[in-house]
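[1] structure of the sequence below:
(4 chains)
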Number of protein chains: 4
Amino acid sequence: MLGATGAVGQTFIRLLQDHPWFRVAEVAASSRSAGKSYRDATRWLEGPMPADIAALPVRACTPDEVLSPIVFSALDSAAAGDVEPRFAQAGRLVLSNAKNYRMASDVPLVVPDVNADHLLQLTAQRAARRWTGGLVTNANCAATVAAMALAPLHKAFGLTKVFVTTMQAVSGAGYPGVPSLDILGNVIPFIGDEEPKIEAELPKILGALDGKGSFAHAAFGVSAQANRVPVEHGHTACLSVEFKRKPSVSDAITALSSWRGPDGVRGLPSAPATPIIVSDAPDRPQPRRDVNAGRGMAVTVGRVREDTLLHLRLVVLGHNTVVGAAGASILNAEWLASRGLLNA
Amino acid sequence: MLGATGAVGQTFIRLLQDHPWFRVAEVAASSRSAGKSYRDATRWLEGPMPADIAALPVRACTPDEVLSPIVFSALDSAAAGDVEPRFAQAGRLVLSNAKNYRMASDVPLVVPDVNADHLLQLTAQRAARRWTGGLVTNANCAATVAAMALAPLHKAFGLTKVFVTTMQAVSGAGYPGVPSLDILGNVIPFIGDEEPKIEAELPKILGALDGKGSFAHAAFGVSAQANRVPVEHGHTACLSVEFKRKPSVSDAITALSSWRGPDGVRGLPSAPATPIIVSDAPDRPQPRRDVNAGRGMAVTVGRVREDTLLHLRLVVLGHNTVVGAAGASILNAEWLASRGLLNA
Amino acid sequence: MLGATGAVGQTFIRLLQDHPWFRVAEVAASSRSAGKSYRDATRWLEGPMPADIAALPVRACTPDEVLSPIVFSALDSAAAGDVEPRFAQAGRLVLSNAKNYRMASDVPLVVPDVNADHLLQLTAQRAARRWTGGLVTNANCAATVAAMALAPLHKAFGLTKVFVTTMQAVSGAGYPGVPSLDILGNVIPFIGDEEPKIEAELPKILGALDGKGSFAHAAFGVSAQANRVPVEHGHTACLSVEFKRKPSVSDAITALSSWRGPDGVRGLPSAPATPIIVSDAPDRPQPRRDVNAGRGMAVTVGRVREDTLLHLRLVVLGHNTVVGAAGASILNAEWLASRGLLNA
Amino acid sequence: MLGATGAVGQTFIRLLQDHPWFRVAEVAASSRSAGKSYRDATRWLEGPMPADIAALPVRACTPDEVLSPIVFSALDSAAAGDVEPRFAQAGRLVLSNAKNYRMASDVPLVVPDVNADHLLQLTAQRAARRWTGGLVTNANCAATVAAMALAPLHKAFGLTKVFVTTMQAVSGAGYPGVPSLDILGNVIPFIGDEEPKIEAELPKILGALDGKGSFAHAAFGVSAQANRVPVEHGHTACLSVEFKRKPSVSDAITALSSWRGPDGVRGLPSAPATPIIVSDAPDRPQPRRDVNAGRGMAVTVGRVREDTLLHLRLVVLGHNTVVGAAGASILNAEWLASRGLLNA
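    Just a heads-up that it's a prediction; the model follows:
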């Protein structure tokens, strides 16, 4: 695990406790932390620190020091750019949360319950880059949550336009992250670089891989407005969408609630039983009440209704550090493992 | 003052303290409170209760008991429907915050710094209804804030479509209003009846009165999504807008920052020097930092930028109980007074 | 279950889901709700409402309508005074969260991990009141949390004085409870009737039952100051204490961390493995991070240190609606069941 | 002004805007900022940055670069230890918010509305240190708020013991200060080094200077417990106190509400009309509702009542960055100016 001492790294460690297939064998972080024990290097944020991890030495982020074949990376973008390809070149499968390579044409950008099949691009990637390992990314946390709700609708009715306004939790900014003086009783209508990420990543996530390994982005436009709100965990997104074929509200709800994700995801250890929970309460989803649906791996959709200008409006909520970050990486690794694709 | 003991009523009383033209002579409320002193009938929410008001007896909401010629009404909609017309019929000028008559064709719906001139409809209203008094409404608090930002843009470039997603303060729900268990660390993506109000009221507020007293709603469509956030005061709205003529960002900013409102508003006691403050900070406006701009009577606009799907995006913030409620009523009354229109 | 639709009643229902020994067979509430289904009568606050409970009819709170032999009561004090004795007289064992009978000399006031043995008073109670059933109370939520930390110290060193200042969560006030306008970004240094309860209940909870059924309150004084803070769940208490024998900090920590509660509690279905978790972190316990220790049934103690005026200072935190209310009732019922004392 | 770019420095600048006697002529900060304009060096937190200050160059914190005779210092303790004496030696009067010299026997530790007369120690200080300037400190923010409430009681009844539990606002930790992930919906029962400061400073603040320049700390003991709560501004303290002569509640209230502070404070530009506002509401003071009393320079006291163990309990609230920091320094400077003591 790279970047193991930060907020996303800690979520990885929490989610991998008692994992049936994977075990955190090594932790690595920046040179500031390397050499210390994990316990001493880390300001642990939630619940008790697992005792076996606490005792691990923190290694430097190089393939010589970190030897595991599967490498979860919670590095920030300043470090990920250089470090992650070195691991891929050294034969490791890197599952990255950083933004650096998400939009590279041969790097899969995967929300597992939306497009796990894009992971099959790894074969072409290895050939093109002459890597024995590989590099897989998961998406921006807000883009992930929106993509979960949009996937069934896109498949059934064909998206053409998406307006998305987000209200994002402070844990999305890591630790120490957002100063309390900035956010107590406040809204910040700006998150650096978030809107362009959402606008660029959604069409790639909902794109399609044809039989011959060629990949096409989905052909719809996105307009995103991102806000920070005083919520601990859980990104909420208000969506207005237009389709090729206008669905009825009831057809849309059917498409959402019957969604079972790509082949091979259901039944994996981290996969929720139902990836999309549709609420018919008038005032849901809400972050504090719905964020842990499916142990943080399901999103909750509510308020599906006609739009006055486009076709449909709806609200979606998901756990930004679980399904929106570490949990997605782990589920991607599980999908690859179940297909025997973890090794080149 | 009708409905004087509730949250909006209290804001009226705070804003009318030391007013140069008006004085709260009488307070009235529901039969539960009538007969008590204002002090005993009221759970006062902010700052000290003005001593002269505290001693007033609370009257019943009938024209026999409340004799003032100008009647500010903070009644809720359950009461306003019956009570307000009785006062208008009895020769009083009623300035109402309730939703009941906002969309009636002969009732002005006025955000003073947007369309104070619509108050001239009063003459036709009096004739049609055979009232010696009159009834004027101000708009829904979120619609008011959005209308302030949209007015200069509509005038300059002609609105055709508006997507608006709001993040609204808890004070908009009155007192006791939103239970803390519902909103601490949470977002509620629903406010009862709020979205239809925003969608209906904006085209009326931005409509036009021709010289002959005939009134036309503005011809643009609105799609609104309303959210409650854990903020005390200040509604924030994220807007995506399309125009007849696409403006440059810089032309839009010029239109906004040079806006001075309708004739006769500037210089009135409650009118802010500048109704729209345009911020060029990347992360403004913010409710806690900008809500009191212009003593709560100005809105702050920020993040004016191109939209990826329509023409422009921007964020606007205003004080929901001041410019969005009581303050607007008072400024309407000042405008009428300055024109000699308070009496039939 | 009496008072099943309110916040404490809902906690009972959540905690009794999948209980190995007890099942919610009947729900009862005020006449407003009686006759409706539980689903229709209840504004459910946390997580999904259990489907089997949702379908139950809400009964009136009379022994003719509610037939279960064990009656958990989440009634408020206005109703509990009349209703609870009627059930006890009708042969039911009532486990009450209301304050009405807590200080009655023949009614056990029990924090199970402190004084479960006080439940043996039931025999004398039945004789004195000629009841075939019985009435057991659990303590005020803040008193419960403080009692958990004080019990081992009292047993080992003999309390003489306790200063306690609490910072209490909003869920302690039920639903709708504290208006958000009162508590967002605020502290309210007052909770009605809370300080006298804490001061009176602590000496009773830590009192002793002698072999002959005679009961004596513990002989120490309490000074309580209660505050409401913007926290969802978890009451925090800062304690300064004086003892008959001044302990070292290390002896106090040993007494706390080795506490295993009264005989027969450990191993019960709702009993936490360790009732008191002692943290050596400088800044714990914290409500958001420690409230769910022991599934809400354990308290966390931290900052055990010398006092400059008395002997020791410490901070304790516990879940106010679990160990501080419904969970304590359930654990009391389990203790009685395990001893065969549920029936007269 | 030293340390002008931080949170306390900004409060100084806000409070000195339009000051009738003083003007911010120079701003200085750490070497990171020196050389930039104030606008570029500062993340401004509240309201608009004053235009004249924005244009000032940020100087280094040395007496060669900063030439003003009165030097307000908002330096943190890491810098203040070396820097402040250099200015005093160079003939400047330094008014410091840092903790470094507060407890030095010849340095006045002054809460102006409590002990402005301690400023007369400056003469002895200058003689002893051979300084042509001088060094004056104001107290820890929580100690200041508590001292304001205790001063009249100590004078009238003679304090012997004080238990104080604080609930402190996040602005007390500066900017960026407390991470939002640590404090949203949470309480942190620890503030580094805060409790010893409160315990040490209170007896010095309430100490007495005899006619011959000799100084004695007040002879009472203090036990402090400090907590951080999710409040923006305003420290609340719950006090239990014992006196030489036990006062009645009504005598205590009279002492508090009739307090007018030391000679020469009333009427100074920053002095509030009434330094202590006594509320008889059952649930006040509250930070959000009372923090700005006396423009942040008055404290509000409530809940004065008998204690069950000592003599009295009460709650006091004050603005931690105004009366608890920058405002106190400015009022100290005004007192010195009004006595002609600003220069040696």
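
[2] and the helix or strand containing A:A151, is it in reach of chain B?
    A:A151 is part of helix A:141-157, with elements assigned from DSSP states H and E. No - applying Cβ under 8 Å from any Cβ of the partner chain, one finds helix A:141-157 separated from chain B by no less than 12.9 Å. For the C-beta atoms, the positions are set from N, CA and C on the backbone; glycine is no exception.

[3] list the buried ones in that helix?
    A:141-154, A:156-157 (16 or more other Cβ atoms under 10 Å in any protein chain shown).

[4] how about stretch A:126-140?
    Buried, per 16+ other Cβ under 10 Å, within stretch A:126-140: A:126, A:129, A:131, A:133-140.

[5] same deal with stretch A:19-26?
    A:22, A:24, A:26.

[6] need those residues in CSV (columns: secondary structure, pLDDT and distance to B:L331).
    Formatted as CSV, those follow (DSSP: H, G, I helix; E, B strand; the rest coil; pLDDT from 0 to 100; distance: Cβ to Cβ, whole Å):
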residue, secondary structure, pLDDT, distance to B:L331
A:F22, coil, 97, 64
A:V24, coil, 97, 62
A:E26, coil, 96, 66
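
[7] returning to what we had before: which ones among the buried residues of stretch A:126-140 lie within helices?
    A:126, A:129 (DSSP state H).

[8] possible to save the buried residues of stretch A:126-140 as a markdown table with distance to A:L45 and pLDDT?
    As requested, the buried residues of stretch A:126-140 are exported to a markdown table (distance: Cβ to Cβ, whole Å; pLDDT from 0 to 100):
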| residue | distance to A:L45 | pLDDT |
| --- | --- | --- |
| A:R126 | 36 | 93 |
| A:R129 | 35 | 94 |
| A:W131 | 34 | 95 |
| A:G133 | 30 | 95 |
| A:G134 | 30 | 96 |
| A:L135 | 28 | 97 |
| A:V136 | 26 | 97 |
| A:T137 | 24 | 98 |
| A:N138 | 20 | 96 |
| A:A139 | 23 | 98 |
| A:N140 | 21 | 98 |
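
[9] nearest to D:S258 among the buried residues of stretch A:126-140?
    Closest to D:S258 out of the buried residues of stretch A:126-140 is A:N140 (61.4 Å), distances taken as Cβ to Cβ.

[10] for the closest one, give me its contacts.
    For A:N140, the contacting residues are A:99, A:102, A:194, A:197-198, A:201, A:324, by Cβ atoms under 8 Å, 6 or more residues apart in numbering or on different chains.

[11] now, of the residues you listed, which are buried?
    Buried among the contacts of A:N140 (16+ other Cβ under 10 Å): A:99, A:102, A:194, A:197-198, A:201, A:324.

[12] for these, which one is nearest chain C?
    For those, the minimum distance to chain C (Cβ to the nearest Cβ) is 20.0 Å, reached by A:G324.

[13] can you tell me the SS state at the closest one?
    helix (DSSP: H, G, I helix; E, B strand; the rest coil).

[14] just the pLDDT for it.
    Note for A:G324: predicted pLDDT of 98.

[15] who does the lowest-mean-pLDDT helix or strand in chain A touch, helix- and strand-wise?
    Among the helical and strand segments of chain A, the one scoring lowest on mean pLDDT, DSSP states H and E is strand A:208-209, with a mean of 90. In terms of contacts (3 or more Cβ pairs under 8 Å, 6 or more residues apart in numbering or on different chains; DSSP states H and E), strand A:208-209 is packed against strand A:215-216.

[16] let me know the next secondary structure element after the strand it packs on.
    Next helix or strand after strand A:215-216 toward the C-terminus (DSSP H and E): strand A:221-228.

[17] near chain D, anything from that next one?
    No - counting by Cβ under 8 Å from any Cβ, chain D has no neighbours in strand A:221-228; the shortest distance is 9.2 Å.

[18] for the least confident helix or strand of chain A, the distance to its chain's centre please.
    19 Å (Cα atoms, centre = their mean, to the nearest Å).

[19] and for stretch A:116-136?
    On the basis of Cα atoms, centre = their mean, stretch A:116-136 sits 19 Å off its chain's mean C-alpha point.

[20] returning to what we had before: contacts with chain C among the buried residues of stretch A:19-26, please.
    Counting by Cβ under 8 Å from any Cβ, nothing from these sits close to chain C.

[21] can I get stretch A:77-93 in CSV, CA atoms only?
    C-alpha atoms of stretch A:77-93 as CSV (Å, rounded to 0.1, in the frame of the first residue of the first chain):
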residue,chain,number,x,y,z
SER,A,77,-1.0,13.5,-7.4
ALA,A,78,2.3,15.2,-6.6
ALA,A,79,3.8,11.8,-5.9
ALA,A,80,1.8,9.4,-8.0
GLY,A,81,3.0,10.8,-11.3
ASP,A,82,6.5,9.4,-10.9
VAL,A,83,6.0,6.6,-8.5
GLU,A,84,3.1,4.6,-10.0
PRO,A,85,4.6,3.8,-13.4
ARG,A,86,7.8,2.6,-11.8
PHE,A,87,5.8,0.0,-10.0
ALA,A,88,3.9,-1.0,-13.1
GLN,A,89,7.1,-1.3,-15.0
ALA,A,90,8.5,-3.5,-12.2
GLY,A,91,5.7,-6.0,-12.7
ARG,A,92,3.3,-4.8,-10.1
LEU,A,93,-0.4,-4.3,-10.6
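
[22] quick one: residues contacting the residue nearest to A:K36 when sequence neighbours are not counted.
    Excluding the flanking residues, the one nearest A:K36 by Cβ to Cβ, 6 or more residues apart in numbering or on different chains is A:V58, at 5.4 Å. Residues in contact with A:V58 (Cβ under 8 Å, 6+ apart) are A:4-5, A:27-29, A:33-38, A:41.

[23] what helix or strand does A:V58 sit in?
    Using DSSP H and E, A:V58 sits within strand A:58-59.

[24] partner strands of that strand, with direction?
    Partners of strand A:58-59 in the sheet, by DSSP bridges, are strand A:27-28 (parallel).

[25] list the contacts of the partner strand.
    Here strand A:27-28 makes contact (Cβ under 8 Å, 6+ apart) with A:1-5, A:9, A:13, A:34, A:38, A:53, A:56-61, A:65-66.
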